[in-house]
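Peer 1: Provide a 3D model corresponding to the input given below.
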Amino acid sequence: MIFKKSNLFFLIPISILTFGVYYAYWFISRKKSFSQLTSKNFIPHGWWKFFLVFTIVSLIYDLIKDSFFTGYGISILDSYDIILSFYFVGCLYYSVFRAREMIEEHFDEKIFKPWLLVIFNVWYLQFKINRLKEN
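Peer 2: Numbering: from 1, shown residues only. A predicted model of the protein is given here:
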């Protein structure tokens with residue numbers, strides 16, 4: 001398995017500082033590794049490309065919205081932003097749990113604790129991937 005090992009001391013701050021943009025990048029950059037696993041599950045990489053663009057546009061929008069939009073325009077665009085943010089979170093958890101199933105199926109053993117995936121999602125997934133690389 002050729003998963004990329006990432007430093008958690010880099011991963012955690014960069015995902016917080018980028019307001020979720022790095023999560024989309026993380027899934028896109030590991031597409032090849034996940035596709036090498038023989039599994040009936042898949043991670044929706046096309047959606048992650050969409051969410052990469054969405055999170056970047058959303059971040060820029062949040063920075064400039066008061067300068068370019070009226071109160072009515074802001075409330076309309078904020079509504080779309082909230083709806084797409086919920087889809088982002090849904091896709092995040094769907095992808096994290098599909099990744100878990102793919103990795104555990106590949107190694108034919110239970111590796112992840114589901115409740116830690118719910119709380120720490122990509123951070124815990126990367127932590128366990130780093131541990132697999134050491135063993």
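
Peer 1: which other residues reach stretch 80-88?
Peer 2: Contact with stretch 80-88 is made by 20, 51, 54, 55, 58, 61, 62, as judged by Cβ atoms under 8 Å, 6 or more residues apart in numbering. Where C-beta positions appear, they are placed from N, C-alpha and C, glycine not excepted.

Peer 1: check those residues and tell me the two furthest apart.
Peer 2: 51 and 62 (15.7 Å; Cβ to Cβ).

Peer 1: which one of those two has more residues nearby?
Peer 2: residue 51 (26 against 13; other Cβ atoms under 10 Å).

Peer 1: the more buried one and residue 73, how far apart?
Peer 2: Distance of residue 51 to residue 73, computed by Cβ to Cβ, to the nearest Å: 23 Å.

Peer 1: so for stretch 113-126, what gets flagged as buried?
Peer 2: Neighbour counts using 16 or more other Cβ atoms under 10 Å place 117, 121, 122, 123, 124, 125, 126 of stretch 113-126 among the buried residues.

Peer 1: also stretch 48-66?
Peer 2: Buried-residue list, stretch 48-66, by 16+ other Cβ under 10 Å: 48, 50, 51, 52, 54, 55, 58, 61.

Peer 1: likewise stretch 97-106?
Peer 2: Going by 16+ other Cβ under 10 Å, stretch 97-106 has these buried residues: 97, 98, 99, 100, 102, 103, 106.

Peer 1: one step back: which of the buried residues of stretch 48-66 fall in helices?
Peer 2: Under the assignment DSSP state H, the buried residues of stretch 48-66 contribute 48, 50, 51, 52, 54, 55, 58, 61 to helices.
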